[in-house]
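Provided below for reference: sequence and predicted model.
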Amino acid sequence: MGNVDFALTVEDLTVSFDGFKAIDNLALYIDKNELRVIIGPNGAGKTTLLDLICGKTRASAGSIKFKDEEIIGLPEHVRVRRGIGRKFQTPSIYENLSVFQNLEVSYPSGRSVFGALAFKCTEEVRSRIEAVAAEIGLPDKLETEAGLLSHGQKQWLEIGMLLMQEPELLMLDEPIAGMSAKERDLTAELLHRICKNRSVIVIEHDMDFVKKIAHKVTVMHQGKILAEGSMEKVQADPKVIDVYLGH
Ligand SMILES: Nc1ncnc2c1ncn2[C@@H]1O[C@H](COP(=O)(O)OP(=O)(O)OP(=O)(O)O)[C@@H](O)[C@H]1O
């Protein structure tokens, strides 16, 4: 069933590891400009689901459509080019480069730059870098060496490096891990900003943070979806309290 209104359509998705179904016949529909949070107990399959969407792990069966096109057979780098960005928990910035340079190296290449085109392209890159720096709250840190940034700022820079590629779907695994209260608040604001132009999927365990950011919450358990809806709705669901929130 195709539906161009969804940014991402996942249906009948299954992955088995040695006979164990880490994802079991799962369906997920993400709207354009939606910020979806996935919660659930350890081992529920949350990370595996994101691994399947970005192409890090191959599915055993099912369908993953991005902007109404099947991507399940595509390698990871092709999915990145199609507009799927994924941030892992450990930062992978270049500590000895400036914020500007970190963003610059993340600008998608692939077109030849020569002669008179070079200057135009540099200007284009610079304005993109400035726009992204503003989006991630680091406009006055462009010349700072990335290694000197706070833990939170490093995380935002990494999000910025993904934004340089203008992804239409961005996936973040526990983005506030290790952050101060102030940094958490700023991250919530950052996520509100970036989902205006794209869909965002976040895996998160901190329920106060989930309440602040989620448009909709998906609760996973044993590779399946246990509940889905507004935070209020899933919080009041006895099944969710039983397997997750009550612990
Ligand atoms: N490559 C793999 N090989 C074998 N088993 C795996 C593999 N990847 C994940 N699993 C298993 O799949 C299940 C789901 O793991 P996953 O990491 O997706 O859960 P999670 O919901 O992200 O948990 P957490 O909140 O602890 O990160 C676990 O039982 C895990 O051991």
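Yep, it's here.

what about this protein, any weak spots by pLDDT?
Counting by pLDDT under 70, the low-confidence segments of the chain come to 1-4, 109-121.

Let me see the domain layout of it.
Here the domain assignment for the chain is 1-83+167-247, 93-164, based on automatic domain parsing.

possible to save those as JSON lines with mean neighbour count?
All C-beta spots, glycine's among them, are computed from the backbone N, C-alpha and C. Formatted as JSON lines, these follow (neighbours: other CB atoms under 10 Å):
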{"stretch": "domain 1-83+167-247", "mean neighbour count": "17"}
{"stretch": "domain 93-164", "mean neighbour count": "16"}
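
what's the span of stretch 193-206 from first residue to last?
With CA to CA, to the nearest Å as the measure, the ends of stretch 193-206 fall 20 Å from one another.

how far does that stretch sit from the chain's center?
Using CA atoms, centre = their mean, to the nearest Å, we find the averaged C-alpha position of stretch 193-206 to lie 6 Å away from the chain's own average C-alpha position.

Same question for stretch 175-189.
Between the mean C-alpha point of stretch 175-189 and the mean C-alpha point of its chain there is a distance of 15 Å (CA atoms, centre = their mean).

any idea how far the ligand is from the nearest residue to Arg193 once chain neighbours are set aside?
Sequence neighbours aside, Glu135 is the residue nearest to Arg193 in space, at 5.9 Å (criterion: CB to CB, 6 or more residues apart in numbering). To the ligand, Glu135 is 27 Å away according to CB to the nearest ligand atom, to the nearest Å.

do Ser180 as well
22 Å.

That residue and Gln153 touch, don't they?
No: applying CB atoms under 8 Å, one finds Ser180 not in contact with Gln153, separated by 11.0 Å.
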